[in-house]
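Novice: Pasting a predicted model and its sequence here:
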Amino acid sequence: MNVLLIDIGNTRIKWARFDGKRVGRQHAAVHSGWGGEDYARRVIGSGRALDRILVVSVAGARADRSLRLAARRARAPAPEFVVSQRSAGGVTSGYLEPWRLGVDRFVAVIGAYHLAKEKAVCVVGVGTAMTIDLVDAKGVHRGGAIIPAPTLMVESLLSNTDGIRRRAQGGGGDGAKILFGRSTRAALVQGSRYAAAALIDRAVAEARALVPGRAPLVMLTGGGAPSVQPLVRSKCVSVPDLVLRGLAALCAEPAHSSPAA
């Protein structure tokens, strides 16, 4: 088995090969401005050796079309775009309307469920937004929460508050080691990081009432995870390629979407 796993986010694309047993080294890049040739050259490579291309994409129709074009150019299998559904990969969605759960979140939960091996997990993705999803030991997704991630919190305040924006310019970096920054910039950065970490710990506390046994493990993923992880008091681990691991778990199942152009 030679499967190309691809995770296309709003800003970055991540990819790795899967041989049926293990996920290879993750690659990542900013995909803004990419066309079919970029996907073909940088991600797909020699497509003839591939058996499948399995994709999670939240980047929109243009990126999806470019990837399909790239696959045709490389004579690779047509990309299969995973969609959120009621049940897949051992996980049952807790959303009232399963299709409304972001596919990146759904597949990350699948990856976490398989890695946790019958333990409850709070799956935290820190990208543009920060998402928290709870999956119990039986693979039942109990729902989730969404807030702006720390970077977006800071950008929102800088864009919508004239006084804070003016005071955050110039000196005073974000190198504070505690909550209380000694410049406006440091106060913004630390406040956003601590707010994100506090919500994660609150989520774990509330999850204990929903799932039996020990407190759920926190599984962090996404580009912003390293800035938040040191502040989380609950037991947590970082899994940068969590969505790709979820895709690998789905490889045992039939095609998940039509590869139509």
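Specialist: Noted; the coordinates are in hand.
Novice: Now stretch 190-199: buried residues?
Specialist: 190-197, 199 (16 or more other C-beta atoms under 10 Å). For glycine as for every other residue, the C-beta is placed from the backbone atoms N, C-alpha and C.
Novice: who touches the longest helix along the chain?
Specialist: Longest helix in the chain by number of residues (criterion: DSSP state H): helix 184-207. Helix 184-207 has contacts (C-beta atoms under 8 Å, 6 or more residues apart in numbering) with 120, 122, 124, 126, 130, 132, 134, 142, 145, 147, 149-151, 153-154, 157-158, 164, 167-168, 172-176, 178-181, 215-216, 218, 227-228, 231-234, 236.
Novice: Report the buried members of those residues.
Specialist: 120, 122, 124, 126, 130, 132, 134, 145, 149-151, 153-154, 157-158, 164, 168, 172, 174, 176, 181, 216, 218, 227-228, 231-232, 234, 236.
Novice: can you tell me the distance between the two ends of stretch 215-226?
Specialist: 22 Å (C-alpha to C-alpha, to the nearest Å).
Novice: residues in contact with that stretch?
Specialist: Stretch 215-226 is contacted from outside by 11-12, 108, 112, 115-116, 119-127, 130, 134, 149-151, 200, 204-205, 207-208, 228-229, 232, 234-243, using C-beta under 8 Å, 6+ apart.
Novice: do that again at 6 Å, thanks
Specialist: Here stretch 215-226 makes contact (C-beta atoms under 6 Å, 6 or more residues apart in numbering) with 112, 120-127, 149, 204, 207-208, 229, 234-239, 242.
Novice: How far does it sit from its chain's centre?
Specialist: 10 Å (C-alpha atoms, centre = their mean, to the nearest Å).
Novice: Out of the buried ones among the contacts of helix 184-207, which sit inside strands?
Specialist: Counting by DSSP state E, the buried ones among the contacts of helix 184-207 place 122, 124, 126, 130, 132, 134, 145, 218, 236 in strands.
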